[in-house]
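Enquirer: here are the coordinates; sequence isn't available:
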């Protein structure tokens, strides 16, 4: 996400990298590029103006700390102000102290409310909570069916709404049913429209009065820029929103909604969706998103994804195999499948510090991962456990079985041998700095 914004901001910040001091001239030059980048990303002009003023005031008003160059200090200021613009920190969802918390999802039609309700239910379920879903969109029958299907997939409770019921009564009865079922959180999916109208707002106002929600979350299409901000402001004026969910952030989101919506409404962004699967919901951490926008990666989120995918026991077994030179292609296949569960390969690489710029020239391809998986799956168990058994005739057979060429099999075996050698040597080093230095030298040579 934010690819165009990241690229344009990087161009602007190059003007101050390596500078020994910050002056009116080099700050003005860099800020002009930053201004253009933000406006092209469809950030609200009022937000852009306030952001540039804040960066300029700090850059000219604070001394450069010892140990930092002027350019590094300027980039830190930009990062800090981006973080502040998006809210500073993630406050989390209010689901305590009196269950059930009532969470109402609102927004325009097509913004992703129904799927977001399912994703939010799945996240709460993963945290040990008991969510309960309430479909209150009677104007789109598919919405009721979709939410009921998601509930069955997650094995969570769902209110049996029908299109001939009153939405306010659905919400009231749904909360009562969730309380009776022992739910910790009741998620109400409300109706949307193609645009804001008085009937929609009146209905949402009655639902709010009937259930007294703990949270009212506005679901915004992250690809719509200032339109999402204007709509959110109208909803906030009528309903007093408590949080935002940005959807479709895995697409070509320019960043305008993420950078403007909190600054204009003063309502925090709590979550963002990064794919269509139920697990593709992330907590919105402004400092991490700012880091990704500036091309500095997001290692914390990457580590959290890994922890959700790989358990500690398997990690210890893998470490032992690496140190004892017993890591096999079968183990490698397990790791590939684990990485695929973490998400889109492109998104994962973007979280690695310094990799955003590299993506411009070499786009990571999930098809390559699929090819590697196909090659290993075309091997016998004995070949996976001992890759040295694979001679030329076996390579030809594996290539034919996987729909690849013998040269593809040769390349995989060569890369596997090099990777195993590097990982074995790195696991023997206790100093992480030495391990990183070794990894860099082996990658370069």
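Expert: Nice, I can see it. Values in this document were obtained by computation on a predicted structure and should not be read as measured data.

Enquirer: got a list of what residue 412 touches?
Expert: 372, 375-376 (C-beta atoms under 8 Å, 6 or more residues apart in numbering). Backbone N, C-alpha and C define where each C-beta goes, glycine included.

Enquirer: all strands for the stretch 151-300 of the chain, in order.
Expert: All strands of the stretch 151-300 of the chain, identified by DSSP state E, counting those that start in this stretch, fall at 157-158, 185-189, 215-221, 243-247, 269-273, 281-283.

Enquirer: Adding mean pLDDT and mean neighbour count, write those strands out as a markdown table.
Expert: A markdown table is the format used below for these (pLDDT from 0 to 100; neighbours: other C-beta atoms under 10 Å):
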| stretch | mean pLDDT | mean neighbour count |
| --- | --- | --- |
| strand 157-158 | 96 | 22 |
| strand 185-189 | 96 | 28 |
| strand 215-221 | 94 | 25 |
| strand 243-247 | 94 | 26 |
| strand 269-273 | 93 | 23 |
| strand 281-283 | 91 | 21 |
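
Enquirer: Which among the ones you listed is found nearest to residue 47?
Expert: Among the strands of the stretch 151-300 of the chain, strand 269-273 comes nearest to residue 47, with 13.6 Å by C-beta to C-beta.

Enquirer: Would you mind measuring from the residue lying farthest from the centre of the chain to residue 413?
Expert: Farthest-out residue of the chain from its mean C-alpha position, per C-alpha atoms, centre = their mean: residue 393, at 44.4 Å. Applying C-beta to C-beta, to the nearest Å, the value for residue 393 to residue 413 is 14 Å.

Enquirer: now swap in residue 22 and tell me
Expert: Relative to residue 413, and taking C-beta to C-beta, residue 22 is found at 52 Å.

Enquirer: So for the two, which residue has more residues nearby?
Expert: Neighbour count, other C-beta atoms under 10 Å: between residue 22 and residue 413, residue 22 has more, with 22 against 17.

Enquirer: And the pLDDT for that one?
Expert: Residue 22 is assigned 77 on the pLDDT scale.

Enquirer: can you pull the contacts of it?
Expert: 16, 59-60, 64, 70, 73-74.

Enquirer: go again using 7 Å as the cut-off
Expert: 59, 70, 74 (C-beta atoms under 7 Å, 6 or more residues apart in numbering).

Enquirer: Using pLDDT, spot the least trustworthy of these.
Expert: Within those, lowest confidence goes to residue 70 (76).

Enquirer: Neighbours of that one, how many?
Expert: Using other C-beta under 10 Å: residue 70 sits among 19 other residues.

Enquirer: again with residue 43
Expert: Residue 43: 26 neighbours (other C-beta under 10 Å).

Enquirer: And residue 386, by the same measure?
Expert: 11.

Enquirer: Next, work out how far apart it and residue 329 are.
Expert: 9 Å.

Enquirer: Kindly report the same for residue 94.
Expert: 48 Å.
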